[in-house]
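What would the 3D arrangement of this be:
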Amino acid sequence: MLGVAGLLLLVAFATLLVWDYFWRKRRNDMLHYMPGPRPLPLLGNVLMYRGLNAEQIMDFVTKNQRKYGRLYRVWVIHQLAVFSTDPRDIEFVLSSQQHITKNNLYKLLHGWLGEGLLMSTGRKWHGRRKIITPTFHFKILEQFVEIFDQQSAVMVEQLQSRADGKTPINIFPVVCLTALDIIAETAMGTKINAQMNPDLPYVKAVNDVTNIMITRFIHAWQRVDWIFRLTKPTEAKRQDAAIKVMHDFTENIIRERRRTLVNNSQDKAPEEQVDDLGQKRRMALLDVLLQSTIDGAPLSDEDIREEVDTFMFEGHDTTTSAISFCLYEISRHPEVQQRLVQEIREVLGEDRKRPVTLRDLGELKFMENVIKESLRLHPPVPMIGRWFAEDVEIRGKRIPAGTNFTLGIYVLLRDPEYFESPDEFRPERFDADVPQTHPYAYIPFSAGPRNCIGQKFAMLEMKSTISKLLRHFELLPLGPDPRHSMNIVLRSVNGVHLGLKPRYCQLLESPNHSTPSCRGHNMLVALLVTLLLARLVAWLLRLVLKELRHPLRGVVPSVSRVPLVGSAWQMRSFQPDNLHEKFAEYVQRFGRSFMGSVLGHVIVITAEPRHVDALLHSQQQLRKGTMYFALRGWLGNGLLLSRGEEWHTMRKIITPTFHFSILEQFVEVFDRQSSRLVMRLEPLSVGEQTLNIYPYVCLAALDIITETAMGVSVDAQGDEESEVVHAVKDLTNILATRFMRPHLLIPQIFRLCWSSGFKKQQAGVHCLHQFTDGIIEQRRLLLAREAPQSRPEKRHALLDTLLRATLDGQPLTDKQIRDEVNTFIFEGHDTTTSAVSFCLYLLSRHEAVQQRLFEELKKHFGRDLDRGVVYADFAALPYLNCVVKESLRLYPPIPAVARCLEKDLAIDGGRIPVGTNVVVLLWQLLRDETLFADPLLFQPDRHLGEEASRLGPYSYIPFSAGPRNCIGQKFALLEMKTMVTKLIRHYQLLPMGADVEPSIKIVLRSRSGVNLGLRRRLY
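Numbering: from 1, shown residues only. As a prediction, the model looks like this:
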């Protein structure tokens, strides 16, 4: 009997071995090229993990990489795991839109975090990511900086009693409570006062769960829940109890915030729910979750708790690790600490109680380097994983479906091939002028579509907290060095220790004790003040005389009556929303050309074609008006603002990128992106709903300019809350106001008199510069991957041309490239958006014109709506050309342009002296009744007949004219025609909603939106 049982067992075991062999065979065959430890039957390599703990895991992974290389495989029972520390493999995986599923080890966290943003995948992840992304918009982060500062101040207060300069402090738990207070008050809108309650059960529960989870990660048999509960019942009960504590904690936060929102909605007036620009205020994370819907239904309580659990954990534990290890490194490197303190004093001054702002944090460049270097040595999340549901080929190497692919970030960030002397703390390796290696060699926040959604939040929080500590304390190298431990988040087994010593401000000598040297000093100051006042008076007198003796006095009318004050009094009523009306009023009162002055500086304004011709046609008058230099911080010295030889050189480089052969290729992109616009508008095309077409066109135009001129797809139409669009809108609003208030054109006065506008402008510029830097880097990488033989000599689009161009044998600098990219992204999408939107508006209000245009399009294209637009089509559409031209006449995207004279300009028996700003009123010129019959009427036919032939060359110039005309006007016209064609073929435009109210925000916009209705056309 025993013999039979033994035989059956033997047969069963042999069957199991055969099954195991064939189970692995396909995958082993596919991975024949990949090194790794030899697996045992059934067990695989699970025995190599015996005896490992959280402290040893990082050394274990590092040794395996040294032994088997940057890509190796491991079998853990029946589960195949592939480890990679090669940035080329990592780039493929992380940049993929398909491989976004986390590896199955993350399932152990399901009982705690559910299917929140960390754990979810597929449609659910995309939906949640789309909901949550706007809660980390820079406008919200700007509000959070105040909370970072306040909670950091509480931390400083808590540490004062322990800062004796002798006793080591484990800074990790201190930072942990601060980070917990910050994430609760910012993302959740709830104060929990964790720093006042250091024994908070939630903190202990997080520590317990992460300690248990990492043990289960390491020991494969504990990953199976029933085996874990059977073999480790005490640990299982402790895990469940800790998860219950955390769930109770987050549910309490949700209940409290829900109650607060209900109360606020009853108490708060509608006007309190909008910002200073009249836009709806952005909400923080928990508020968004409580008010969001998916497929028309609100998120369930469990859905909300999953996200709150996820962000409470990720938003405090990872940041705690990052800040703590960074403080440790600073304490061990006094030269770095001294340089940091110096930078903080330069940016924030000596007042330690002064709160920091978003702009302040942006200027802490060396601190950013220090943080980056600390994150390199101590990445908060040392490893991340993906699950391959299908066979994958990476750099010609196949990896089978069912693989856990683990990315060894910790090991990668210490790889000597990418980081010289990798174990040394050297912040200077991140200086702007130090060339970086592979872009995926440094990814402490992960990368690609599943990168850390809160990385900007974390970086600002780190800067705020660290700068606050350094303003109050000297960090001392006290206590043991930390021993890394991977508890999901990187921690230290023995804590993160340092010492603190208060920083004392130098006391000023009492002013009551006056000395002879002080009295002599006071006399010297009084003398200097007197001399300065005398010089100021002399300067003002010279300005008065210069204004009174101006050569144009008596030649053209002057609107200025009082010297020095000049037109400042009249300009008090000027606003972007009424500037077009002021144009018409002043031309009617003073004629087509007149002059004004502010502080003795004369400005000539003209809508006279002869004067416009003399100015714009001249090869000597190429310098932009001085008011344009308010754009310098944003657009730098790009083609719009540059002058002299630099402008000539860049114009020569860039002009070929708008050659007709390239424009012909671009029409396919115009057509494809316009088709996306048509699809986005489909749900709104029932003929009953008013929509503001402007933002829809804006995103399509942004997609077009980036894909054509830059060669990079940004999918703006897939992101309705685009930070770039909001930043451009904020900047142009602020800059338009500065143009109306000449004193605000002076940066120092602007910063002093309108600090909120200054901060918002800085934040907008920072956002746009990050966007363009990303585009440039993305395109640079794409070009670098192209094989040389795949680059035949041909005309290149703009960004490719800039990246390949040379000046005096040297490639263009990064700043030169960025200035041009910033310029063309702004001019290439904002002006076109204005032109297209107002054209569609006019068609919606003129049914006969729209019907005639539709008939022309139907005759040419037929009834096939899928038939794309090609370059050759436009020659056969003369009425479309007239519609576009007439729309540009009535609503020119740039209503005025200006020059600062580089030489005297002769006009009508007088002269305008060098240095004078001359403003050309295109808006008024294009509505001049002596040039255009019934100029306020929309009559496209005027561009077909005799009236068109009568116009002088400088009477119709919606794109400016002369050597500094719009370099992309053919591009813009083709884009306009394509968009209008697509929309008119698909939809009837209906006269719905408020009429436009023009507002000149550098580019022409409408205060009331550009409103119309849509009805699907039936053929």
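
Show me the shaky parts of the protein.
1-2, 264-282, 504-522, 561, 564-566, 568-569, 600, 786-796, 946-954 (pLDDT under 70).

which one's the longest helix in it?
What stands out as the longest helix in the chain, according to DSSP state H, is helix 233-267.

List the buried residues of that one.
235-236, 238-239, 242-243, 245-247, 249-250, 253-254, 256-257, 261 (16 or more other Cβ atoms under 10 Å). The way it works is simple: take the backbone N, C-alpha and C, and place the C-beta from them, glycine included.

where's the residue nearest the centre of the chain relative to Glu142, distance?
Central residue of the chain (Cα atoms, centre = their mean): Cys767, 4.4 Å from the mean position. The gap separating Cys767 from Glu142 is 11 Å, by Cβ to Cβ, to the nearest Å.

just Arg354 next, same as before
17 Å.

One more: Pro449?
Counting by Cβ to Cβ, the gap from Pro449 to Glu142 is 25 Å.

swap in Tyr987?
From Tyr987 across to Glu142, the span is 39 Å (Cβ to Cβ).

So between these two, which is more surrounded?
Taking other Cβ atoms under 10 Å, Tyr987 and Glu142 do not tie; Tyr987 has more neighbours (22 against 16).

related to what we said a few turns ago, check which helix or strand the residue nearest to the centre of the chain maps to.
helix 755-785 (DSSP states H and E).

and after that helix, which helix or strand comes next?
Defined by DSSP H and E, the subsequent element after helix 755-785 is helix 798-804.

Pull the residues that contact that next one.
653-654, 656-657, 709-712, 775-776, 779-780, 783, 796, 811-812, 816-817, 820-821, 824 (Cβ atoms under 8 Å, 6 or more residues apart in numbering).

And the buried ones among these, selectable in PyMOL?
The command below creates a PyMOL selection of those among the contacts of helix 798-804 that count as buried (16+ other Cβ under 10 Å):
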select buried, resi 653+654+657+709+710+711+712+775+776+779+780+796+812+816+817+820+821+824
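
Let's see which of the contacts of helix 798-804 end up in strands.
Pro811 (DSSP state E).

Tell me which residues touch the residue nearest to the centre of the chain, please.
Contacts of Cys767 by Cβ under 8 Å, 6+ apart are Phe138, Glu723, Val724, Ala727.

Now it: closest residue in space, sequence neighbours ignored.
Nearest residue to Cys767, sequence neighbours excluded (Cβ to Cβ, 6 or more residues apart in numbering): Ala727, at 4.2 Å.

so that neighbour is in which element?
Ala727 is part of helix 723-740, with elements assigned from DSSP H and E.

And the helix or strand following that helix, what does it pack against?
Downstream of helix 723-740, the first helix or strand assigned by DSSP H and E is helix 747-753. Helix 747-753 sits against helix 755-785, with contacts defined as 3 or more Cβ pairs under 8 Å, 6 or more residues apart in numbering; DSSP states H and E.

buried sites along the helix it packs on?
Neighbour-count burial for helix 755-785, counted by 16+ other Cβ under 10 Å, picks out 757-765, 767-769, 771-772, 775-776, 778-780.

what do you get for stretch 897-905?
Of the residues in stretch 897-905, Val897, Ala898, Arg899, Cys900, Leu901, Leu905 count as buried by neighbour count, 16+ other Cβ under 10 Å.

Quick check: the farthest pair among these?
For the buried residues of stretch 897-905, the farthest-apart pair by Cβ to Cβ is Val897 and Leu905; their separation is 15.0 Å.

Next, the angle from the helix holding Cys767 to helix 723-740.
130 degrees (axes from the mean of the first three to the mean of the last three Cα atoms, to 10 degrees).

Which parts of the stretch 101-250 of the chain are strands?
Counting by DSSP state E, counting those that start in this stretch, residue ranges of the strands within the stretch 101-250 of the chain are 169-170.

where's Gly385 relative to His484, distance?
In terms of Cβ to Cβ, Gly385 sits 19 Å off from His484.

separation between Pro576 and Met740?
7 Å.

Val821 now?
Taking Cβ to Cβ, one finds Val821 at 29 Å from Met740.

Arg259 now?
Arg259 is 45 Å from Met740, by Cβ to Cβ.

same question, Asp814
In terms of Cβ to Cβ, Asp814 sits 34 Å off from Met740.

Also Val46?
The gap separating Val46 from Met740 is 73 Å, by Cβ to Cβ.

what's the answer for Ser597, then?
In this structure, Ser597 and Met740 are 16 Å apart, going by Cβ to Cβ.

which one of these two has more residues nearby?
It is Ser597, of Ser597 and Met740, that has more neighbours when counted by other Cβ under 10 Å, with 22 against 19.

Could you give the bridge partners of that one?
Val602 (DSSP bridges).

my guess is it contacts Ile603, does it?
Yes. Ser597 is within contact range of Ile603, at 6.8 Å (criterion: Cβ atoms under 8 Å).

Need the residues touching each of those two.
Jointly contacting Ser597 and Ile603 under the rule Cβ under 8 Å, 6+ apart are Ser567.

ok so, going back, quick check: the farthest pair among the contacts of Cys767?
Farthest pair in the contacts of Cys767, by Cβ to Cβ: Phe138 and Val724, 10.7 Å.

More neighbours: which of the two?
Neighbours were tallied for Phe138 and for Val724 using other Cβ under 10 Å; the higher tally belongs to Val724 (23 against 20).

what about the more buried one, distance to Val612?
Separation of Val724 from Val612 (Cβ to Cβ): 34 Å.

do Leu285 as well
Per Cβ to Cβ, Leu285 is found 53 Å from Val612.

which residue packs closest to Leu622, ignoring adjacent ones?
Nearest one to Leu622, counting by Cβ to Cβ, 6+ apart, is Arg964 at 5.5 Å.

ah, wrong one, I meant Cys753
Leu744 (6.7 Å).

Could you do Val869 as well?
The nearest residue in space to Val869 (Cβ to Cβ, 6+ apart) is Asp671, at 4.5 Å.

ok, now Phe750?
Spatial nearest neighbour of Phe750, chain neighbours left out: Leu744 (4.6 Å); criterion: Cβ to Cβ, 6+ apart.

number of nearby residues for the one you found?
Neighbours around Leu744, by other Cβ under 10 Å: 21.

for it, what are its contacts?
Leu744 neighbours (Cβ under 8 Å, 6+ apart): Thr737, Arg738, Phe750, Cys753, Trp754, Gly757.
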